[in-house]
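Engineer: From the sequence below, what's the structure:
(one chain, ligands or ions: 1)
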Amino acid sequence: MKVRFTETVLRDAQQSLLATRMPYSVFKDILQAMDKAGYYALECWGGATFDSCLRYLNEDPWDRLRNIRKNVKNTKLMMLLRGQNLLGYKHYPDDIVRLFVAKSIENGIDVMRIFDALNDLRNVEVAVEETIKRGGEPQLAISYTTSPVHTIEAYAKLGKQMEDMGASSICIKDMAGIMGPQEAYDLVKALKETVKVPIDLHTHSTTGLAPLTLLKAVKAGADIIDTSISSMSGGTSQYSTESMAYSLRQLGYEVDLNDDVLKEINDYYKPIKDNYIETGLLDPYVMGVQTDALTYQIPGGMLSNLIAQLKAQKSIDRLDEVLEETPKVRAEFGYPPLVTPMSQMVGVQAVSNVITGERYKNISNEVRAYVRGEYGTPPGEIDPEIVKIVLGDEKRITTRFADTLEPQFENFKKEIGEYAKTDEDVLSYALFPTVAENFLKKRTEEEENRATYTIVEA
Ligand code: CO
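Structural biologist: Residues are numbered from 1 along each chain as shown. Below is the predicted model of the structure:
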C-alpha cells in the first residue's frame, strides 16, 4: 500500500513554530528542490500566511503564491481556507468567496483544503462549488474534536456528505493534536468504509501523540499524512516527514519520497531554524511535548490564551476554576470544536463567568452572533437557558447566514480606489481592510519614489 505526504513547512509548520513570520526570501532557494521530493502536495498558502504577509512581512501574498508556483511546476500546491470566512474571521458574501477562490486557483493553487469551525457544510458549499468550477481540487476537512455528540457515526455521515458535495479527498483536521491512536484508527476505518475518496490525516506534535496517531491512521487505510521536514517538525508543528517515511517503509508501505532530496531540504532549513532560535522568534519551548491539552481536553493555544487573560486581570489564582468552567460553557454552547473563533468565544465566556462571580453576566458580541445562528448550526443543542439569556425573544437564524449578505466586491473596489491595481488587491483589502490599505498605500508610494528616481537618473 502506498502512503503519500503533504509537506507543511511553508504554511502550518512555520505558522505553528514561527507565528507565520517566514518571508518568501527565506525559502525561495529551496522550492525547486522541494518540487523534486515526491510530495503529494505542498501546503503553502492560506491560513495565517496571507494576513502575515501584509501585516508583518511587507509582502504581497499574491506575489508569494505566483512565485511559489513559478518554482514548483510539478507538485500540487495546497492552501487552507475557512469556508465562508475565507482567511478572516467573519462571513463574507458569496461574490467575495467566489472571486477569492477563482483568483487563488488562477494564481497557482491546486488543492483547496476547505473547512468550517462548526462542520456546518452550508458554510463551505460555495467555496467547494467555485473550486470545482475553476478546475481545482476541493479537499474538505473535518474539524476534529471529541464530545458526546461527536460520534464515529456522526463523523462518517459528515464524510459521506462531503463526498456527495464533490470533495476530491477528505482531511481529518486535528488542529490541537489531541487525537489519540485508537481514535484515529476508528475514525479512518469508519471513513474508509463510508467514502471512496482518499483520506488525509492532519495532526500536530504538541501532545506527543502524533507519530502513534499517524501510524494507526495509516494502518486503518489513511492515504495521505501531513508532516513537516524534520528540522521544522515537532512540538506545535507537524511530526517529521523523514521519520514517518523511514518507519512506514520499514513496515512495508510504499513511500515515493526521495531521501536525498529530503536531506537537501532538511540541510537547507537547519541553519534557518537555528537562526530563528537565536533571534528569539522560535522559542524552543514550543518544540517540546506538552500533555496539558490531554489532561484538560483544551488545545494548547487556548490554554495559553486563558492563562494570558487571567494574568492580565491579575487573577491567575482562578485558573483551576476557569479550567472547570470551560467544558461547562462548551457543553452549554452545543459542543463546538475548540478552534478559531469558537475557542476564543468559549474561553472569554469561561473567564468572565468565573471572574464576575455571575455566569453569563457579560456576553460578547461574538457569542450573541453565535447563539443567533450566524456562524451556523452547532454540533449539539445550545442550552435553552443560554438561548433565553442571550437572545430574549429574538429569533434564531436557521438559514445560511451568508444568504443575508449583499454582494460587496464593487463597494470594496470603490473604497480602496487607485491603490488597488488588480482584483487581487481588492480582495486583500476586502479581507484585511486596515493592513491591506497600509500595504497598498506604501507600495504606491514606493513605486512613485522609484519613478522619480528613474527620471533624475536619466
Ligand atoms: Co494545523
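
Engineer: C-alpha from now on. contacts and neighbour counts both.
Structural biologist: Will do.

Engineer: Quick check, central residue of this structure?
Structural biologist: Residue closest to the average C-alpha location in the chain (Cα atoms, centre = their mean): Gly47, at 4.7 Å.

Engineer: Look up how far Ala190 lies from it.
Structural biologist: According to Cα to Cα, to the nearest Å, Gly47 stands 28 Å off from Ala190.

Engineer: Am I right that Ala141 is in a strand?
Structural biologist: Yes. Counting by DSSP: H, G, I helix; E, B strand; the rest coil, Ala141 is part of a strand.

Engineer: Show me this protein divided up by domain.
Structural biologist: Listed domain ranges for the chain are 4-279, 284-402, 408-457 (source: automatic domain parsing).

Engineer: re earlier: which ones are touching the residue nearest to the centre of the chain?
Structural biologist: Contact analysis of Gly47 by Cα atoms under 8 Å, 6 or more residues apart in numbering lists Arg11, Asp12, Met79, Leu80, Leu81, Arg82, Leu87.

Engineer: Now do it, the pLDDT please.
Structural biologist: Gly47 carries a pLDDT score of 93 in this model.

Engineer: what's around Lys196, how many residues?
Structural biologist: 13 (other Cα atoms under 10 Å).

Engineer: Okay, and Leu303 sits in which element?
Structural biologist: helix 300-312 (DSSP states H and E).

Engineer: so where's the protein shaky on pLDDT?
Structural biologist: The model of the chain has pLDDT under 70 over residues 453-458.

Engineer: show me where it has strands.
Structural biologist: Assigned by DSSP state E, the strands in the chain fall at 4-7, 41-46, 76-81, 111-115, 137-143, 169-173, 199-202, 224-227.

Engineer: okay if I get the ones you listed as JSON lines plus distance to Ser240 and mean neighbour count?
Structural biologist: Output for the strands of the chain, formatted as JSON lines (distance: least, Cα to Cα, whole Å; neighbours: other Cα atoms under 10 Å):
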{"stretch": "strand 4-7", "distance to Ser240": "10", "mean neighbour count": "24"}
{"stretch": "strand 41-46", "distance to Ser240": "14", "mean neighbour count": "24"}
{"stretch": "strand 76-81", "distance to Ser240": "19", "mean neighbour count": "24"}
{"stretch": "strand 111-115", "distance to Ser240": "21", "mean neighbour count": "26"}
{"stretch": "strand 137-143", "distance to Ser240": "21", "mean neighbour count": "26"}
{"stretch": "strand 169-173", "distance to Ser240": "17", "mean neighbour count": "24"}
{"stretch": "strand 199-202", "distance to Ser240": "13", "mean neighbour count": "27"}
{"stretch": "strand 224-227", "distance to Ser240": "6", "mean neighbour count": "28"}
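
Engineer: Reformat the ones you listed into a markdown table and put distance to Lys216 next to each item.
Structural biologist: A markdown table is the format used below for the strands of the chain (distance: least, Cα to Cα, whole Å):
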| stretch | distance to Lys216 |
| --- | --- |
| strand 4-7 | 15 |
| strand 41-46 | 22 |
| strand 76-81 | 24 |
| strand 111-115 | 23 |
| strand 137-143 | 18 |
| strand 169-173 | 13 |
| strand 199-202 | 11 |
| strand 224-227 | 11 |
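
Engineer: Give me the buried stretch members for the top helix by length along the chain, please.
Structural biologist: The longest helix of the chain (DSSP state H) is helix 433-457. Of all the residues in helix 433-457, those buried under the rule 16 or more other Cα atoms under 10 Å are Pro433, Val435, Ala436, Glu437, Phe439, Leu440, Lys441, Arg443.

Engineer: Not counting its own residues, what contacts that helix?
Structural biologist: By Cα under 8 Å, 6+ apart, helix 433-457 touches Leu54, Arg55, Asn58, Ile416, Tyr419, Ala420, Asp425, Ser428, Tyr429.

Engineer: 7 Å - rerun?
Structural biologist: Leu54, Arg55, Asn58, Tyr419, Ala420, Ser428, Tyr429 (Cα atoms under 7 Å, 6 or more residues apart in numbering).

Engineer: Which one of these is nearest to Thr295?
Structural biologist: Relative to Thr295, the closest of these is Arg55; by Cα to Cα it sits at 35.2 Å.

Engineer: The nearest residue to that closest one once chain neighbours are set aside and Glu106: what is the separation?
Structural biologist: The shortest distance from Arg55 to any non-neighbouring residue, by Cα to Cα, 6 or more residues apart in numbering, is to Val435 (5.6 Å). Separation of Val435 from Glu106 (Cα to Cα) stands at 24 Å.

Engineer: what do you get for Glu394?
Structural biologist: 43 Å.

Engineer: correct me, but Thr236 touches Thr207?
Structural biologist: No. Thr236 is beyond contact range of Thr207, at 8.3 Å (criterion: Cα atoms under 7 Å).

Engineer: out of the two, which sits in the busier spot?
Structural biologist: More neighbours surround Thr236 than the other of Thr236 and Thr207, with 29 against 23 (other Cα under 10 Å).

Engineer: mind listing what the more buried one touches?
Structural biologist: If you count contacts by Cα under 7 Å, 6+ apart, Thr236 has them with Ser16, Leu17, His204, Ser205, Thr206, Val286, Met287.

Engineer: could you redo the last one with a cut-off of 6 Å?
Structural biologist: With contact taken as Cα atoms under 6 Å, 6 or more residues apart in numbering, Thr236 is in contact with Ser16, His204, Ser205, Thr206, Val286.

Engineer: For it, which non-adjacent residue is closest in space?
Structural biologist: Spatially, and ignoring its direct neighbours in sequence, Thr236 is nearest to Thr206 (4.5 Å; Cα to Cα, 6+ apart).

Engineer: how much space between that neighbour and Val289?
Structural biologist: Remark: distance between Thr206 and Val289 (Cα to Cα) = 6 Å.

Engineer: overlap in contacts of the two?
Structural biologist: Listed contacts common to Thr206 and Val289 are Gly235; contacts here mean Cα under 6 Å, 6+ apart.

Engineer: neighbour-wise, which of these two wins?
Structural biologist: For Thr206 versus Val289, the count of surrounding residues by other Cα under 10 Å is larger for Thr206: 29 against 15.

Engineer: I'd assumed Thr203 was in contact with Asp226.
Structural biologist: No. Assessed by Cα atoms under 6 Å, Asp226 is found out of contact with Thr203, at 7.2 Å.

Engineer: Just the buried residues out of the contacts of helix 433-457, in ChimeraX syntax.
Structural biologist: Buried subset of the contacts of helix 433-457, written as a ChimeraX selection, criterion 16+ other Cα under 10 Å:
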select :54,55,58,419,420,428,429
